[in-house]
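# Need coordinates for the below:
(chains A, B, C, D, E and F)
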There are 4 protein chains.
Amino acid sequence: MKNTDKREEIMRAALELIAEHGFHGAPMAMIADKAGVGAGTIYRYFEGKDALITELYRELEGKLLAYLQEGYSAADPTRERFLHVGAAVLRYFIASPLHFLYMEQYMNSPFGIALKRDRLLGQSDEGDLFFKSIFEEGMAQKVLKELPIFVHFALTFGPLIVLIRDHILGLISLDDARIMQITEASWDGVKR
Amino acid sequence: MKNTDKREEIMRAALELIAEHGFHGAPMAMIADKAGVGAGTIYRYFEGKDALITELYRELEGKLLAYLQEGYSAADPTRERFLHVGAAVLRYFIASPLHFLYMEQYMNSPFGIALKRDRLLGQSDEGDLFFKSIFEEGMAQKVLKELPIFVHFALTFGPLIVLIRDHILGLISLDDARIMQITEASWDGVKR
Amino acid sequence: MKNTDKREEIMRAALELIAEHGFHGAPMAMIADKAGVGAGTIYRYFEGKDALITELYRELEGKLLAYLQEGYSAADPTRERFLHVGAAVLRYFIASPLHFLYMEQYMNSPFGIALKRDRLLGQSDEGDLFFKSIFEEGMAQKVLKELPIFVHFALTFGPLIVLIRDHILGLISLDDARIMQITEASWDGVKR
Amino acid sequence: MKNTDKREEIMRAALELIAEHGFHGAPMAMIADKAGVGAGTIYRYFEGKDALITELYRELEGKLLAYLQEGYSAADPTRERFLHVGAAVLRYFIASPLHFLYMEQYMNSPFGIALKRDRLLGQSDEGDLFFKSIFEEGMAQKVLKELPIFVHFALTFGPLIVLIRDHILGLISLDDARIMQITEASWDGVKR
DNA sequence: CATGAATGAGTTTTCATTCAT
DNA sequence: TATGAATGAAAACTCATTCAT
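Okay, here's the model as predicted:
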C-alpha cells in the first residue's frame, strides 16, 4: 500500500462515517478501523481531526469543480454554460450522495461558517470565480436580471441543493429528463 | 422564576451556544451555566441532550410557522400568498439569525435526516401542507408549471435559504426592497 | 394518613425496590414515588438513605424475631424448640420473600459487615441470645455435639438460608412436609 | 507490563475495593487508581462496570472450582470426596477472604439473582455438575438420605458458608482440626 | 408538616491524541 | 514509518439532599 493510498483510505472512511453519522458519530478509532490503518497513522497524514475534516472538504470540493469543468466551454452561450453546470451539479451529487451529505453538513456547521468568512476576507475561491463569469456575462448581455452575483447564485443553485437532498432522502427521483427540466426552471428565475 | 421560565432559559442558552459552536461545541454544563441553572436541572425538562436538541428544533419550527401564518389569507390570489410567505421567511430569519443557523445545522445533520425520513413515512407535517396548497392551487389555475410539489418547493424556497445564509454571513445585505425582488424572482422560476 | 403510616409506606416502598433492584437500583425519588410521598418527606422520618436502609433492616429483624417467638416455649425439650424455630424461619421467609432478599443483601454488604462487627464488640443481640439457649442447653444435656455456638448456629441455620434462597428463585418448592424434613436433617448435623 | 497484567491489575483492584466497600463504594476512577492504570484503560478490557463485576465473579468462581478439583479423585469413596471438597472450600476462602466477600455480595445482589435464573434456564454449570455426582452416587449407594440435590447441597454447604463468614469477621477461628470437624458434621446432616 | 423542584458533586463513559515498540 | 494500547481530560448523566413554598 503506497503512502498516498493510506491517506485516501482514511479520507474514504471518514467520508462514509461522517456523512452517515455526523462529526461526532465518527470517532477517530472508527475511521482508522474502517480505513484499515492504525489509529496513530491518521496523525501522520493529518494534524488532527479538525484538519482531516477540513482537508476532506477541500478535496471533495476540488473533485466537484473538476467534474463541473469537464466538457465546459467558455465559448458556449451563457445559457448553455449554465445548463451544463447546473445539470452537472445534479448528476455529480446524485452519483456521489456521500459527498453531498458531507459537504452540506460541513457548510452548515461552524467549520463552514468559518470557511465562508475566510473566503469573504481573502480572495474569492476558484468555484466562485467559475460561476461568477456566467452571471456577469449574462448581465452584460442583458439576458439576465440585474442582481448581485450572490443573488444569481442563490436563485439558480439554491433549488438544486434542495432537490439533491430530496432525491437522496428518496422524496423524489431525479432522472435525466427531470434534471433538464429543473435546471431550465432554475434559469427562468434569473433570466429577464 | 416559573417552571416554564427555566425551560425557556435552557432552550435559549442551547440555541445560542449550538448555533454558534455546533452540537459538540456546546456541552450540557455550558448550556446550564448560560441558562443560569444547575447542570442537573436540564434533565428535569429534557430526557437528554438529544431530546433537548430535537425539542428545540420543533419549537423553532413552530415559531416560524406561526409567523408565516400571520397576515396570511387563504382567500388571496396564489401569487400574493406565495409572496407573503416567501418574504415572511426572509424577514423571520433575518430577524432571528440564530434560529436559521440552528435549524440548518439540525436539518443537515443525522438528526434532520431522521426527521425527514420520519415525516416521509408518517403524514406530512403542518408546514408542508401549508406550502402545498399554494402550489397545487397554482397548478390547477394553470399559473404554475406542471411539476411535483417538491420541485416547486425547491425552486421557490431553495434560493431563499441560500440568501439568508449569505445575509447572516454578511456576504450580502437584504433590505425590504431586495426581499421583494428576490421573492418575486423565486416565483418566476415556477410560473408558466 | 397518620404520621406513622407515612413512615411505614416509605419502608414498604424501600423494601420492595431494594429487594428487587439492590441498594443502587433504588433512588430516593423512586422510593418516595412508590410510597406516595414527596421526596423531601423521607428526610422527616429518616436521617438519610443509609439510615433508612439500616432502620429498615432492624425493623425486619424485629418482625422475624417476634414471629419466631410465637408459640415458642422455653419449657419444651431442646429438639422441639429447635424444630419450632427452624420451621418458623422457613415459613416466615417463604411467606415474605422480600424480607429475605433484603436481609441477605444487607448482611452481605458493607452494612452487614459493620453490623456484625458492632455486635461482636457490644453485647450479643436479642436474636443470638434466643438461639444460644437452645444449643447451650442441648450440649449440657449431652444431646448435641460439643461445638462452639457459632458452629451450631451455622450447621443448623446455614442449610435453611440456602434453601430459602433456592425456593425464592424457584429452584425448589418447599411445602410443609419438606420443611419438616429439612429442619430435622439440620438437627442431625449437630446431634450426637 | 503485558496486556494480561493490566487486566489482572484491574481485577485485583476491583476485588479489593468492592469486597471492602461494596459495588458503589468503588467508583471506576478509584479502581483505575488502585490498579495503576488510566481511567479509560478499564474500558479497553471490560465493556463497562457491570461487565467488570460479572467477569470478575466468573473468574473467581473458576479459580475456586480449579482449587476444589486439585487432589480430587472420582475413584474415592463418596464420603472422602465430600470431605475433600468441603474442607477445600473452607481452606480456599479462609486463604482468600476477599474472594468470599466478593462472591457473597455478588450472589446476594440482583447480579446473582440474574445469574442463578440464567443457569436455571440453561444447562447446569460446571460447579453444579461437580457436586451433583457426589450426592447422586451417595443416594444410589444408600449412604445418603433420599433428598433433592438442592437440599443435599444446602445441608452440606450452607453451614460452610456461614462459618466462613464468621471466620472472616473474626467471630470464630477455623484451624485445620475445626475444618475437619465441621466438614464431618455437615456430612452428618445428609447421611442416613 | 409536607412537598417536589432545584441543585451540583460525583459517577460512568467516551474519545482525540500520544508514544513506546 | 506504522501501530494500537494507553491515557486522562472532558463529556453526559444521576441522585441524595436541601429548602422555599
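# does any bit of stretch A:36-50 sit next to chain B?
No: against chain B, stretch A:36-50 shows no contacts by Cβ under 8 Å from any Cβ of the partner chain, the least distance being 10.7 Å. Backbone N, C-alpha and C define where each C-beta goes, glycine included.
# got the contact list for residue A:52?
By Cβ atoms under 8 Å, 6 or more residues apart in numbering or on different chains, the residues touching residue A:52 are A:10, A:11, A:14, A:31, A:42, A:46.
# Let's see that with 7 Å instead.
Contacts for residue A:52 (Cβ atoms under 7 Å, 6 or more residues apart in numbering or on different chains) come out as A:14, A:42, A:46.
# Leaving out the residues flanking it, which one is nearest to the first one?
Meaning residue A:14. residue A:31 (5.0 Å; Cβ to Cβ, 6 or more residues apart in numbering or on different chains).
# Secondary structure class of that neighbour, three-state.
Recorded secondary structure, residue A:31: helix (DSSP: H, G, I helix; E, B strand; the rest coil).
# Next, count neighbours for it.
24 (other Cβ atoms under 10 Å in any protein chain shown).
# Need the per-residue pLDDT for it.
Among the per-residue scores, residue A:31 shows a pLDDT of 97.
# Ok, residue A:88 next?
pLDDT, residue A:88: 96.
# Same check on residue A:52?
Residue A:52 carries a pLDDT value of 97.
# name the element it belongs to?
Assigned by DSSP states H and E, residue A:52 belongs to helix A:49-69.
# could I get that helix in PDB with only the CA atoms?
Taking C-alpha atoms only, helix A:49-69 is exported to PDB below (Å, rounded to 0.1, in the frame of the first residue of the first chain):
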ATOM      1  CA  LYS A  49      -9.500  15.500  13.500                       C
ATOM      2  CA  ASP A  50     -10.300  19.100  12.500                       C
ATOM      3  CA  ALA A  51      -7.600  19.100   9.900                       C
ATOM      4  CA  LEU A  52      -8.900  15.800   8.500                       C
ATOM      5  CA  ILE A  53     -12.400  17.200   8.300                       C
ATOM      6  CA  THR A  54     -11.300  20.400   6.600                       C
ATOM      7  CA  GLU A  55      -8.900  18.700   4.200                       C
ATOM      8  CA  LEU A  56     -11.600  16.200   3.200                       C
ATOM      9  CA  TYR A  57     -13.900  19.000   2.500                       C
ATOM     10  CA  ARG A  58     -11.400  20.800   0.200                       C
ATOM     11  CA  GLU A  59     -10.700  17.500  -1.600                       C
ATOM     12  CA  LEU A  60     -14.400  16.900  -2.300                       C
ATOM     13  CA  GLU A  61     -14.800  20.500  -3.400                       C
ATOM     14  CA  GLY A  62     -11.900  20.100  -5.800                       C
ATOM     15  CA  LYS A  63     -13.400  16.900  -7.200                       C
ATOM     16  CA  LEU A  64     -16.700  18.600  -7.700                       C
ATOM     17  CA  LEU A  65     -15.200  21.600  -9.500                       C
ATOM     18  CA  ALA A  66     -13.100  19.300 -11.700                       C
ATOM     19  CA  TYR A  67     -16.200  17.500 -12.700                       C
ATOM     20  CA  LEU A  68     -18.100  20.700 -13.500                       C
ATOM     21  CA  GLN A  69     -15.300  21.800 -15.800                       C
END
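# Selecting buried members of the contacts of residue A:52 in PyMOL, what would you type?
This is how PyMOL selects the buried members of the contacts of residue A:52, with burial counted by 16 or more other Cβ atoms under 10 Å in any protein chain shown:
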select buried, chain A and resi 14+42+46
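# out of the contacts of residue A:52, who's nearest residue C:111?
Nearest to residue C:111, judged by Cβ to Cβ, of these is residue A:42 at 49.6 Å.
# List the residues that contact that closest one.
By Cβ under 7 Å, 6+ apart, the neighbours of residue A:42 are A:10, A:28, A:31, A:32, A:52.
# Redo those as JSON lines? Include distance to residue A:101.
Formatted as JSON lines, the contacts of residue A:42 follow (distance: Cβ to Cβ, whole Å):
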{"residue": "A:10", "distance to residue A:101": "18"}
{"residue": "A:28", "distance to residue A:101": "20"}
{"residue": "A:31", "distance to residue A:101": "16"}
{"residue": "A:32", "distance to residue A:101": "21"}
{"residue": "A:52", "distance to residue A:101": "17"}
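# on that earlier part again, and the next element down the chain from the helix holding residue A:52?
Scanning onward from helix A:49-69 (DSSP H and E), the first element met is helix A:78-95.
# Now find how far off-centre that next one is within its chain.
12 Å (Cα atoms, centre = their mean, to the nearest Å).
# name the helices or strands packed onto that helix?
Under the contact criterion of 3 or more Cβ pairs under 7 Å, 6 or more residues apart in numbering or on different chains; DSSP states H and E, helix A:78-95 touches helix A:49-69, helix A:126-140, helix A:149-168, helix A:176-190.
# which stretches of chain A have low pLDDT?
Scanning chain A for pLDDT under 70 picks out A:1-3, A:123-129.
# Could you chop chain A up by domain?
Annotated domains of chain A cover A:1-46, A:57-190 [automatic domain parsing].
# out of those, which comes closest to residue D:20?
Of all the domains of chain A, domain A:1-46 sits nearest to residue D:20, with 34.8 Å by Cβ to Cβ.
# got the contact list for the closest residue to residue A:104 other than its chain neighbours?
Sequence neighbours aside, residue B:108 is the residue nearest to residue A:104 in space, at 4.6 Å (criterion: Cβ to Cβ, 6+ apart). Residues in contact with residue B:108 (Cβ under 7 Å, 6+ apart) are A:104, A:105, A:108.
# now, which of those residues sits nearest chain D?
Of all the contacts of residue B:108, the one sitting nearest chain D is residue A:105; the distance, using Cβ to the nearest Cβ, is 28.0 Å.
# Excluding its own residues, what touches stretch A:55-75? List them.
With Cβ under 7 Å, 6+ apart as the contact definition, stretch A:55-75 has outside contacts at A:11, A:14-15, A:46, A:81, A:84-85, A:88-89, A:92, A:99, A:102-103, A:106, A:126-127, A:130.
# Can you flag the buried ones in those?
Among the contacts of stretch A:55-75, those scoring as buried are A:11, A:14-15, A:46, A:81, A:84-85, A:88-89, A:92, A:99, A:102-103, A:106 (criterion: 16+ other Cβ under 10 Å).
# how about these in a markdown table, adding distance to residue C:164?
Shown next, in a markdown table, are these (distance: Cβ to Cβ, whole Å):
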| residue | distance to residue C:164 |
| --- | --- |
| A:11 | 63 |
| A:14 | 58 |
| A:15 | 61 |
| A:46 | 63 |
| A:81 | 88 |
| A:84 | 84 |
| A:85 | 81 |
| A:88 | 78 |
| A:89 | 75 |
| A:92 | 72 |
| A:99 | 66 |
| A:102 | 62 |
| A:103 | 66 |
| A:106 | 64 |
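# Nothing else from me, thank you.
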